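next input, structure requested:
(chains A and B)
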Amino acid sequence: MIEEIIAKSFYFFTGAFLLAVIASPSLISFLKKFGIVRKDDRDFSSLIKTRRSKAGTPVFGGIIIVAVITLFTVLFNWHRETTFVPLGVLWLAAILGGADDLLNIFYTKERHPRTLGRIVRFIKIHKELKFRVWYVISFPWQAYKRLFYLLGSHPGHGVQAHEKIIIQLVIGGIIAWWMSFKLDWTEVWVPWLGHIDLGLLIIPVILFIVILMANAVNITDGIDGLSAGTLIIAYGAFFPIALQQGSMDISLLIATVIGALGGYLLFNIKPAKYQMGDVASLGMGVLLVAIAFALDRPILLLIIGMIFILEISSVILQTSWKVLLGKRLLKMSPLHHHLEIIGKEETSIVMYAWAFASIFAIIGVWLSFQ
Amino acid sequence: MINSLPQSAQSVIDAYWKLKAAENVYVRCPYFRNPRSGRDRWGLTAYSGKGSPQEIEDELRIIEKLENVDFSGMQESEIRDIMRKRKLGIECSGFIVRVLDAWTKEFYKKPVYSLLNFKKSGLGWLYSKLRPFTHVDVETLVLPKNAREVEDMQSIAPGDIIRFNTTIDHAIIVTATERDDSSVLRKIHYAHSVLEDSGEGVKSGLIEVSGTNKNGSSLWGWQESPDTGHTINEKGSPRIYRLHIMNSSL
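Sure, this is the predicted structure:
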């Protein structure tokens, strides 16, 4: 059985890799032709002057990863009980990320929410009663929007933080529904302890992990080769776990993802010919969560995905430090930009990250066998 | 007879006058005042117009990297322009509080904010404890709980705050006083961070008390360094305040 899975996985990996490699040059030309490229004024990391050379690099390159995974899965690995939901949530996240990428490039109007003080003034002085009532009713929503606006680093275009969170909650809700009601699965596996039944608590746990990992992978996609390399390592760690469980469908899905990422990575190594964009970075995080749940190993995301956790933690801590204490913890967040500012070479940072991710991937696999 | 701020407080003023941008390159801190709402208020203290010289210097290091420039080969005015563009500077109350902080740390062994009462309550009070420097404004400094008004200008002393509350709320800090042999006040030295025309920042000034007019009011002559053609008395009538915590240290 295992030999058969490995053999088939090899074909899926090779096919996905070759397709990504063959299609990439055409995609790069297409993205350049239609101006789907990185723009300095829409990207906060371009504050770092050395990153300004990235302007003009095509973004949205991650669509090749999503397309290759979709093609191989729909044609050769389509199973309602295993690959249907992972692919579905990948696409939902890809649509969200793709919309963000395209709006960031083509939408010219600034989108800033009103301050709460301004809304309170409208409530007091607006000449029309219906507007005053509307502002009172919508106040919690406006407060929610404003909070995420202040906490985020949104440049004023594209999908805003509060909108992303809602869509990610929907994606998390789909995985939770799949786990809890379709698979009737409410347990979480813990190393050495075995299975612990969380009951309906599994739903908030899933929502939290989906939002955490989707954003963590998205944040890690900051410098050339970083996210693709670390994602290959993370998906690679789940492959022996899928093998151990004899899960053909998930093994093939992982092999396809690694192949597609590998093909993409060839063109994303510095100097990148194109960049992943949110279209795939959000989806890759969500798909990783779906696979971890499908393999009954979501807890291992905290180990196998440690590099992503580290990156998102650096952002959360930096924001907390700034908002609560008015001080800077890092020179810039996420961590990879901090390292760039203190003088580390971009390629060195990527190598260190790959090494770090590999160590935790090995630990994760070892834990899975306990 | 000259009475001055202690050296620790004076060195803070000097630090704002000579922020180290690079080796042998020093910059006088520009003015920046943050709006009451918006991201700046939630951000770094240094970018809310309340940063210490050290915090502002740290940001200068980062800005140098971000802008990919070399401050060591730049004029002071060019660096100040970059600082203004990046909203890095100090506002009047931020400047005063940092100077007073050096004093209270020396005299009381405590930061100034732990000796002040804030006008906030509830969650605002908690937030003002977490990031106190952002929450000390001129209004807080001169609250009756924190300060009393000095009616007799002759009793003015280093550490006193002179407030101008007309078109805008502005304050300066008295750094030294000079009296003649009969203890009559002759000169008041002060420092402040001020907005003028297209910029400005930290300045020092001298008030010469040249006697009294027919009504018995003191006649004040103002001059400031650097000379920008402006002095702070343009802002309106001054009122002098003394922080309660200064009473025992004077």
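
when you work out contacts or count neighbours from here on, use the C-alpha atoms and nothing else.
Fine.

which residue lies nearest the spatial centre of chain A?
A:Leu282 (2.8 Å; Cα atoms, centre = their mean).

list the residues that contact that one.
Listed by Cα atoms under 8 Å, 6 or more residues apart in numbering or on different chains, the contact set of A:Leu282 reads A:93-94, A:97, A:214-215, A:217-218.

in helices, which of those residues fall?
A:93-94, A:97, A:214-215, A:217-218 (DSSP state H).

from these, which is closest to chain B?
Distances from chain B to the ones in helices among the contacts of A:Leu282, taken as Cα to the nearest Cα, are shortest for A:Asn215 (21.8 Å).

what's the closest non-adjacent residue to the closest one?
Leaving aside its chain neighbours, A:Asn215 sits nearest to A:Leu282 (6.5 Å; criterion: Cα to Cα, 6 or more residues apart in numbering or on different chains).

where's the one you found, which helix or strand?
Assigned by DSSP states H and E, A:Leu282 falls within helix A:278-294.

just the helices from the stretch 201-350 of chain A, written as ranges.
Assigned helices in the stretch 201-350 of chain A, in chain order: A:202-220, A:226-244, A:248-268, A:278-294, A:301-304, A:306-320, A:335-341, A:346-368 (criterion: DSSP state H, counting those that start in this stretch).

could I get those in CSV, plus columns for mean pLDDT?
Shown next, in CSV, are the helices of the stretch 201-350 of chain A (pLDDT from 0 to 100):
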stretch, mean pLDDT
helix A:202-220, 92
helix A:226-244, 96
helix A:248-268, 96
helix A:278-294, 93
helix A:301-304, 96
helix A:306-320, 94
helix A:335-341, 91
helix A:346-368, 96
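
any idea which of these is most buried?
Highest mean neighbour count of these: helix A:278-294, a mean of 28 (counted as mean count of other Cα atoms under 10 Å in any protein chain shown).

mind putting the helices of the stretch 201-350 of chain A into JSON lines with distance to B:Leu88?
Listed next are the helices of the stretch 201-350 of chain A as JSON lines, based on distance: least, Cα to Cα, whole Å:
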{"stretch": "helix A:202-220", "distance to B:Leu88": "27"}
{"stretch": "helix A:226-244", "distance to B:Leu88": "32"}
{"stretch": "helix A:248-268", "distance to B:Leu88": "36"}
{"stretch": "helix A:278-294", "distance to B:Leu88": "32"}
{"stretch": "helix A:301-304", "distance to B:Leu88": "39"}
{"stretch": "helix A:306-320", "distance to B:Leu88": "19"}
{"stretch": "helix A:335-341", "distance to B:Leu88": "19"}
{"stretch": "helix A:346-368", "distance to B:Leu88": "28"}
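
and the next element down the chain from the least confident helix or strand in chain B by mean pLDDT?
When each helix and strand of chain B is scored by mean pLDDT, DSSP states H and E, helix B:39-42 comes last, with a mean of 60. Next helix or strand after helix B:39-42 toward the C-terminus (DSSP H and E): helix B:53-67.

check whether that following helix comes near chain A.
Yes - using Cα under 8 Å from any Cα of the partner chain, helix B:53-67 comes into contact with chain A via B:62, B:65-67.

how about stretch B:69-85?
No - remark: stretch B:69-85 sits outside contact range of chain A, by Cα under 8 Å from any Cα, the gap being at least 8.9 Å.

what about the nearest residue to A:Val159 once chain neighbours are set aside, neighbour count?
Nearest residue to A:Val159, sequence neighbours excluded (Cα to Cα, 6+ apart): A:Asp100, at 5.0 Å. Using other Cα atoms under 10 Å in any protein chain shown, the number of residues around A:Asp100 comes to 20.

got the contact list for A:Asp100?
Taking Cα under 8 Å, 6+ apart, we find A:Asp100 in contact with A:158-159, A:278-279.

list the buried residues for the host helix or strand of it?
Using DSSP H and E, A:Asp100 maps to helix A:84-106. For helix A:84-106, the neighbour count (16 or more other Cα atoms under 10 Å in any protein chain shown) marks A:85-102, A:104-105 as buried.

then stretch B:153-173?
In stretch B:153-173, counting by 16+ other Cα under 10 Å, buried: B:156-165, B:170-173.
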